[in-house]
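In: With the input below, show me the fold.
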Amino acid sequence: PVTIPAWPAMFTGKNPGKLGIFSLLKEDNRRFRPINSNDCDGRRMWSYMSDKGIRSAIINVPATYPPDKINGIMVAGLGADINGEYTYPAELKQEINQIVDDYEIDFYGFHRSRIDRFLDMLYKRTEKRKRLIMELLERKEWDFGFVVFTGSDRIQHYMWDTYEKEHPLHEKGHEDDMPRYWEHLDRTVGDILKRHAKDANVLIVSDHGFHGMRGRFNVNDWLIKEGYLVVRKKKNRKVNAKNFGITKDRAKAIMWKMNMQKFRKKIPGFIAGRIEKALKEQSDETEIDKADIDWEKTTAYSFDYVGGIMIRDDLKENEKERIRQEIVKKMPMIDNPLTGKKLSVRFFDPREVYSGEHVSEAPDIMFFVEALRYTTQVSIGHKDIIEPLTPDKPSNATHNMNGIFIAHGPDIAVGKEIANARITDIAPTVLHMFSLPIPDDMDGKVLDIFRKGSGPGKRKPARYKAEKHAGERTHKGTGDEEKMKQRLKELGYM
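Out: Coordinates of the predicted model:
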């Protein structure tokens with residue numbers, strides 16, 4: 001249940017083994033960069049529509065930067081560089097700046113000590129997104145619209161602990177904020193539909209579900225401890241507060257407990273920034289791609305925050321398999337001090353989960369920790385392998401497997417419950433809705449949601465032999481990758 005590849009799987013109808021993307025980051029020569037739309041080896045449903053003259057309006061969909069050239073308009077979402085060409089056509093960017101002031105792709109840089117400020121900005125940016133969508137749908141000609149609101153995801157990452165009374169960080173004071181925003185977003189979507197899609201078929205879909213976190217697993221620190229990941233020792237080391245058990249996370253947690261967040265609100269932002277920078281310097285915590293890794297001695301490492309371990313690709317297959325089996329045997333033997341039991345781990349073999357020509361690019365070991373209640377931190381230098389939640393981190397909730405699917409419209413059956421829907425079913429269902437045949441390389445199926453007697457209900461889904469389209473995967477990085485990685489970290493994705 002990862003934002004990327006979940007969205008690409010939705011708009012291509014293909015599993016990650018065919019797309020060649022398995023995480024928010026991609027490895028290029030021992031360097032880890034955010035993925036972009038060029039990495040996705042699969043045609044999008046709006047590309048098939050463009051071939052048939054169907055006009056699309058694609059707004060704020062993640063993993064669409066750089067934007068596609070389509071019959072219609074596109075405003076790229078998560079992963080886009082606001083200073084780059086994030087629209088198609090390119091001149092649409094100037095029009096957006098006329099419709100809304102200071103348009104922003106996403107929500108970044110908020111701290112748990114500033115909940116009121118976060119909520120204020122959340123509502124303002126949701127209103128901006130609504131105004132942009134309303135205006136673009138009014139001004140442009142379109143047949144198919146695909147718009148994404150990310151506010152529900154952001155508030156759940158930041159504020160789930162205020163909603164769930166059993167959450168380890170729960171404190172009274174903001175219990176109604178999340179439900180209140182859900183209602184606001186529901187009204188926002190309703191306003192858009194009343195104005196622009198009153199008689200249209202509408203699908204409301206999420207890329208994953210949500211639940212509260214319970215802890216963090218520092219997978220690379222564990223791999224270091226077990227000798228699979230080797231980091232060169234620093235020389236001429238200065239006296240560091242961490243040698244005395246004082247880490248950035250602990251210092252921030254102490255500040256939080258002492259109500260220092262109230263003090264932080266009263267001091268200028270640049271001073272707060274300097275304090276946080278000083279705390280960071282008193283920590284050995286290092287991002288995996290900035291660590292001095294001895295790659296000749298390293299055999300396994302991770303850069304996937306949900307749970308994926310790569311085994312060095314130049315090793316012989318029998319050696320890789322030995323290491324894989326060894327790690328799978330050892331990891332469940334880790335003592336979890338938060339539960340008093342051994343660490344609960346569920347493993348997946350990518351060769352069984354995925355299919356397609358890019359399966360070999362998937363992590364060699366995929367796993368969920370504590371039923372997805374723990375995130376996997378890939379930075380190194382933490383004191384403990386298993387860490388409790390602390391208020392200084394941007395996210396205290398994480399994704400689970402089951403998202404939502406709602407369908408409504410003149411062709412949709414009323415009161416019908418849909419079982420076993422998969423995210424790859426969305427693209428073929430939409431193509432069928434538009435009377436288009438479905439390429440046979442799509443993994444998804446047409447969902448049984450249509451009213452008997454309706455156009456889509458009367459037609460049988462048609463499949464045809466797909467052709468490989470050249471130039472869909474160029475592997476070119478885009479924009480300021482370091483800035484994008486920092487933003488992903490601020491969102492709790494890294």
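
In: Which strands and helices lie in contact with the longest helix along the chain?
Out: Ranked by number of residues, the top helix in the chain under DSSP state H is helix 115-139. When contacts are defined as 3 or more C-beta pairs under 8 Å, 6 or more residues apart in numbering; DSSP states H and E, helix 115-139 sits against strand 56-61, strand 72-76, helix 92-99, helix 151-163, helix 177-196. Glycine gets a C-beta too; all of them are placed from N, C-alpha and C.

In: And the contacts of that helix?
Out: Applying C-beta atoms under 8 Å, 6 or more residues apart in numbering, the contact partners of helix 115-139 are 57, 59-60, 73, 75, 95-96, 99-100, 103-104, 107, 110, 145, 147, 149, 151, 154-155, 158-159, 162, 174, 177, 181, 184-185, 188, 191-192, 195-196.

In: So how do I select the buried members of these in ChimeraX?
Out: The buried residues among these can be selected in ChimeraX (16 or more other C-beta atoms under 10 Å) with this line:
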select :57,59,60,73,75,95,96,100,103,107,110,145,147,149,151,154,155,158,159,162,174,177,181,184,185,188,192,196
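
In: which regions of the stretch 51-200 of the chain lie under the pLDDT threshold?
Out: 108-113 (pLDDT under 70).

In: neighbouring strands for the very next helix or strand once past the longest helix of the chain, and are they parallel or not?
Out: Elements were assigned by DSSP states H and E; along the chain past helix 115-139, the next helix or strand is strand 144-147. Sheet pairing of strand 144-147 (DSSP bridges) gives strand 56-61 (parallel).

In: export the strand it pairs with as CSV, just CAs?
Out: Extracted as CSV, the C-alpha positions of strand 56-61 are listed here (Å, rounded to 0.1, in the frame of the first residue of the first chain):
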residue,chain,number,x,y,z
SER,A,56,-9.1,14.4,-20.6
ALA,A,57,-8.6,16.8,-17.7
ILE,A,58,-6.0,15.3,-15.3
ILE,A,59,-5.4,17.4,-12.2
ASN,A,60,-3.0,16.7,-9.3
VAL,A,61,-2.5,13.0,-9.9
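
In: Next, the angle helix 92-99 makes with that strand.
Out: 70 degrees (axes from the mean of the first three to the mean of the last three C-alpha atoms, to 10 degrees).

In: Can you name the residues that contact Phe368?
Out: Contact analysis of Phe368 by C-beta under 8 Å, 6+ apart lists 306-307, 345-346, 348.

In: Quick one: distance of the longest helix of the chain to the chain centre.
Out: In terms of C-alpha atoms, centre = their mean, to the nearest Å, the centre of helix 115-139 is found 20 Å from the chain centre.

In: Show me what counts as buried in it.
Out: Those would be 115, 118-119, 121-123, 125-126, 128-130, 132-134, 136-137, for helix 115-139 by 16+ other C-beta under 10 Å.

In: now the angle from that helix to strand 72-76?
Out: 170 degrees.

In: tell me the angle of helix 115-139 relative to helix 177-196?
Out: 10 degrees.

In: got the angle between helix 115-139 and helix 151-163?
Out: Using the same axes, to 10 degrees: helix 115-139 against helix 151-163 is 160 degrees.

In: sorry, back to before: right, so of the helices and strands packed on helix 115-139, which gets closest to Pro456?
Out: With C-beta to C-beta as the criterion, Pro456 lies closest to strand 56-61 of these, at 18.3 Å.

In: And that closest one, how far out from the chain middle?
Out: 17 Å.

In: Other residues contacting stretch 88-107?
Out: 60, 67-70, 73-78, 80, 82, 85-87, 118, 121-122, 125, 128, 131-132, 135-136, 139, 150-151, 154, 487, 491.

In: count of residues packed around Thr298?
Out: Neighbours of Thr298 under the rule other C-beta atoms under 10 Å: 18.

In: Tell me who's in contact with it.
Out: 228-230, 312 are the contacts of Thr298 under C-beta under 8 Å, 6+ apart.

In: out of these, what pair is the most spread apart?
Out: Farthest apart among these by C-beta to C-beta are Val230 and Arg312. That separation is 11.0 Å.

In: what bridges to Arg31?
Out: Applying DSSP bridges, one finds that Arg31 bridges with Asp28.

In: what number of residues lie near it?
Out: So Arg31, with other C-beta under 10 Å, has 11 neighbours.
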